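>>> Dropping a prediction and its sequence here:
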Amino acid sequence: MKNTPSVEEHLEIYRKMLLVRHLEEGLGALHKEGRTRGPIHRCDGQEAVGVAATAVLEAGDKVATTHRGHAVYIGKGMNPYPVIAEIFGRATGACAGRAGHMLVADAEKGVIGGNAIVGAGIPAAAGMALSMQVLGQKNVAMCVFGDGAAQTGICHEAMNMAGLWKLPVVFVLEHNQFGLTVPSDVQSPVEDLSVRAAGYAMPAEIVDGNDAVAVYRAVSSMVDRARRGEGPGMVECKTYRLEGFSTSDMGGYQKPEDIARWKERDPLLVSRKALLSEVGETRLAEIEAAAKAEVDKAFATALSDPMPEFSIDENCNPYSEAL
């Protein structure tokens, strides 16, 4: 089928999803030990969206994401180590310890950064797409955002301009059923938020967000048409947030039966089952063990790294020696 990842590409997607899952679980454990600062927004159960969507992008393409963006960071090519070091404020972090987990960026990888402001990555991606268009570049911008952000005014303003100017931007809606603690069915009068794309003259597709291959196929098609100069597109990925809004979430609003049902459709299980007949148990076990070891090493190294050293410039402004 057109735009379907090869077996090796799917294996790489699976490997990166494993990295993200171990990253999230490690952060959760360290938070319980009191070793993290501030809330951590985990994306357990949503890894297929961020990893598979960014897998179709080229090196010169750009992506903006949300406060729950770890899968996008790893998917676009960042390694776990600088991400973890950044989350723990170390000088060796991707942003020299100044960003925290919500704002990680790596310009060389095309990761413009997460965003603590709900919906703010959407106009940023539209702006990047406009610059690509003006400069005559054949690159594409992507934004990954949630169903809560889809209700913001800036989302519709950005999509309107993207449609009007035929910008090379792909809107990937990570519909995880909740905006903070509020179920999506009491936020919106329509179940499928991507129906709104028609109002901005852009095509849209709805996919199973826990199926990495389905996400890859749909996003790849939208990226291809955007790269050809045919304008923006939207992919709505239906998924579920298995953990709370953040590590500070008291919980109690998610139905146990819903969690159990979605765990049966865990994106890692979906991809593993599909790959098992292609490569066998031994190959998968090797990839799984290597991913766990890589993340474990990244945590151990990052946590032993130094904090940034700060100085005062001639205007009495603090700055980091690491920058």
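Perfect, thanks for sending it.
>>> Now do the strands in the protein.
Applying DSSP state E to the chain gives strands spanning 62-64, 111-113, 141-146, 169-175, 178-179, 182-183, 204-208, 233-238, 310-312, 318-320.
>>> now those strands as TSV including mean neighbour count and mean pLDDT?
Using the backbone N, CA and C atoms, a C-beta is placed for each residue, glycine as well. Formatted as TSV, the strands of the chain follow (neighbours: other Cβ atoms under 10 Å; pLDDT from 0 to 100):
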stretch	mean neighbour count	mean pLDDT
strand 62-64	26	98
strand 111-113	23	92
strand 141-146	29	96
strand 169-175	29	97
strand 178-179	20	84
strand 182-183	15	80
strand 204-208	19	98
strand 233-238	26	98
strand 310-312	10	70
strand 318-320	12	56
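>>> Looking at those, which is nearest to Val51?
Closest to Val51 of these, according to Cβ to Cβ: strand 141-146, at 10.6 Å.
>>> what sits up against the closest one?
If you take Cβ atoms under 8 Å, 6 or more residues apart in numbering as the criterion, strand 141-146 is touched by 49-50, 53-54, 57, 61-66, 68-69, 72, 118-119, 121-122, 124-126, 128-129, 132, 155, 167-176, 179, 219, 223.
>>> Which PyMOL command selects the buried ones in the residues you listed?
Here is the PyMOL selection string for the buried members of the contacts of strand 141-146, based on 16 or more other Cβ atoms under 10 Å:
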select buried, resi 49+50+53+54+57+61+62+63+64+65+66+68+69+72+118+119+121+122+124+125+126+128+129+132+155+167+168+169+170+171+172+173+174+175+176+179+219+223
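>>> if we can go back for a sec, put together a markdown table for the strands of the chain, with distance to Glu294 on each row.
Compiled in a markdown table, the strands of the chain are given as follows (distance: least, Cβ to Cβ, whole Å):
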| stretch | distance to Glu294 |
| --- | --- |
| strand 62-64 | 22 |
| strand 111-113 | 19 |
| strand 141-146 | 23 |
| strand 169-175 | 25 |
| strand 178-179 | 30 |
| strand 182-183 | 36 |
| strand 204-208 | 28 |
| strand 233-238 | 26 |
| strand 310-312 | 31 |
| strand 318-320 | 27 |
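>>> what's the closest of those strands to Val83?
strand 111-113 (9.7 Å).
>>> Check which helices and strands that closest one is in contact with.
Strand 111-113 sits against strand 62-64, helix 121-135, with contacts defined as 3 or more Cβ pairs under 8 Å, 6 or more residues apart in numbering; DSSP states H and E.
>>> for the strands of the chain, which one sits closest to Ile287?
Using Cβ to Cβ, those put strand 204-208 closest to Ile287, at 22.6 Å.
>>> Which other helices and strands does that closest one contact?
So strand 204-208, by 3+ Cβ pairs under 8 Å, 6+ apart, packs with helix 212-227, strand 233-238.
>>> how many neighbours does Cys104 have?
Wrong residue type there; residue 104 is Val, not Cys. 24 (other Cβ atoms under 10 Å).
>>> List the contacts of it.
Gly69, Tyr73, Met78, Val83, Glu86, Ile87, Gly93, Ala94, Cys95, Val111, Gly113, Gly114.
>>> Put together a markdown table for the helices and strands packed on strand 204-208, with distance to Val186 on each row.
Converted to a markdown table, the helices and strands packed on strand 204-208 look like this (distance: least, Cβ to Cβ, whole Å):
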| stretch | distance to Val186 |
| --- | --- |
| helix 212-227 | 26 |
| strand 233-238 | 17 |
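>>> Of those, which is nearest Ala274?
Nearest of the helices and strands packed on strand 204-208 (Cβ to Cβ): helix 212-227, 6.8 Å.
>>> got the buried residues for that closest one?
212-227.
>>> just stretch 37-56 next, same as before
Within stretch 37-56, the residues that count as buried by 16+ other Cβ under 10 Å are 39-56.
>>> do the same with stretch 266-282
Buried, per 16+ other Cβ under 10 Å, within stretch 266-282: Asp266, Pro267, Leu268, Val270, Ser271, Arg272, Leu275, Val279.
>>> Go ahead and measure how far the lengthiest helix in the chain is from the middle of the chain.
Identified as the longest helix of the chain according to DSSP state H is helix 267-304. In terms of Cα atoms, centre = their mean, to the nearest Å, the centre of helix 267-304 is found 19 Å from the chain centre.
>>> how far off strand 204-208 does it point, in degrees?
Angle of helix 267-304 versus strand 204-208, following axes from the mean of the first three to the mean of the last three Cα atoms, to 10 degrees, is 90 degrees.
>>> what about helix 267-304, average pLDDT?
Average pLDDT, helix 267-304: 98.
>>> That helix packs against which elements?
Helix 267-304 packs on helix 7-32, helix 47-54, helix 80-87, helix 212-227, going by 3+ Cβ pairs under 8 Å, 6+ apart.
>>> got a list of contacts for the second one?
In this structure, residues lying in contact with helix 47-54 by Cβ under 8 Å, 6+ apart are 5, 13, 16-17, 20-21, 43, 63, 65, 69-72, 74-76, 142, 144, 172, 174, 209-213, 215-216, 219, 235, 237, 239, 267-268, 270-271.
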